[in-house]
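1. Got a predicted structure here, sequence first:
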Amino acid sequence: MPRPKSKPELLELSQKNFDKLNSYVDSFSPEEQQAEFPEGTMNRNIRDVLAHLHHWHLMVLDWYQVGMQGDKPDIPAKGYTWRTVPELNRKIREKYKDIALSEVREKLNQSHTEMQQVIEGHSNEELFEKKRYKWTGSTSLGAYFISATSSHYDWAYKLIRKGKK
């Protein structure tokens with residue numbers, strides 16, 4: 001399915017890619033789910049990838065809450081710019097490194113549900129009209145949700161697939 005252009009497409013592709021990712025993870029034995037990826041990737045295992053998704057959900061939900069209150073959110077995060085996202089991602093990996101995969105998966109399921117609920121609470125126009133909200137700049141609210149859900153889940157699926165070859 002191409003990049004979502006409507007609320008129903010966004011909700012559908014987000015859920016479809018989330019389910020595909022979880023099914024793929026479930027296809028591995030518990031030992032395989034814990035195994036390290038080959039050298040050369042920042043996210044060293046499935047837990048790292050799923051924790052990354054969860055944390056980006058939390059960041060987007062925070063941007064949303066701050067922005068919708070009329071304030072300017074720290075995007076991507078306080079003290080970081082889009083150029084320094086690799087440093088931010090390393091910090092995220094470090095934050096979750098001692099948390100069990102099962103707990104990370106619970107957190108990811110919860111934050112995914114929250115993302116879907118926020119999307120559900122908006123009209124198509126609210127999601128896809130560019131420049132509608134000051135805090136989203138020249139883009140649409142939907143673009144933020146696409147990046148944090150359907151597109152990010154697809155990235156994660158491909159990264160895990162590559163790590164498991």
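-> Alright, I've got the coordinates.

2. Check the gap between the most far-flung residue of the chain relative to its centre and P38 for me.
-> Taking Cα atoms, centre = their mean, the residue of the chain most remote from its mean C-alpha position is E31, at 24.8 Å. As defined by Cβ to Cβ, to the nearest Å, E31 lies at a distance of 16 Å from P38. (C-beta placed from N, C-alpha, C; glycine too.)

3. Low-confidence stretches in this protein?
-> Filtered on pLDDT under 70, the chain yields the residue ranges 1.

4. make it 80
-> Applying pLDDT under 80 to the chain picks out residues 1, 40-41.

5. Helices of that one, residue ranges please.
-> Assigned by DSSP state H, the chain shows helices spanning 7-26, 30-34, 46-68, 85-96, 101-120, 124-128, 141-148, 150-163.

6. Now do the contacts for the residue farthest from the centre of the chain.
-> With contact set as Cβ atoms under 8 Å, 6 or more residues apart in numbering, E31 has no partners.

7. if I look at it, how far off is I46?
-> Distance from E31 to I46, by Cβ to Cβ: 12 Å.

8. May I have the phi/psi pair for K5?
-> K5 adopts backbone torsions of phi -120, psi 0, taken as degrees, to the nearest 10.

9. thought it was touching F128?
-> Yes. With contact defined as Cβ atoms under 8 Å, K5 reaches F128; the gap is 6.7 Å.

10. With neighbour numbers in mind, choose between the two.
-> Set side by side, K5 and F128 show more neighbours around F128, with 20 against 13, by other Cβ atoms under 10 Å.

11. how about the more buried one, what does it touch?
-> Applying Cβ under 8 Å, 6+ apart to F128 gives the contacts K5, S6, K7, S140, L141, G142.

12. how about the residues you listed in TSV, adding distance to Y153?
-> Below are the contacts of F128 laid out as TSV (distance: Cβ to Cβ, whole Å):
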residue	distance to Y153
K5	18
S6	18
K7	17
S140	19
L141	19
G142	16
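
13. So which of those residues is surrounded by the most neighbours?
-> Compared across the contacts of F128, G142 has the highest neighbour count, 25 neighbours, by other Cβ under 10 Å.
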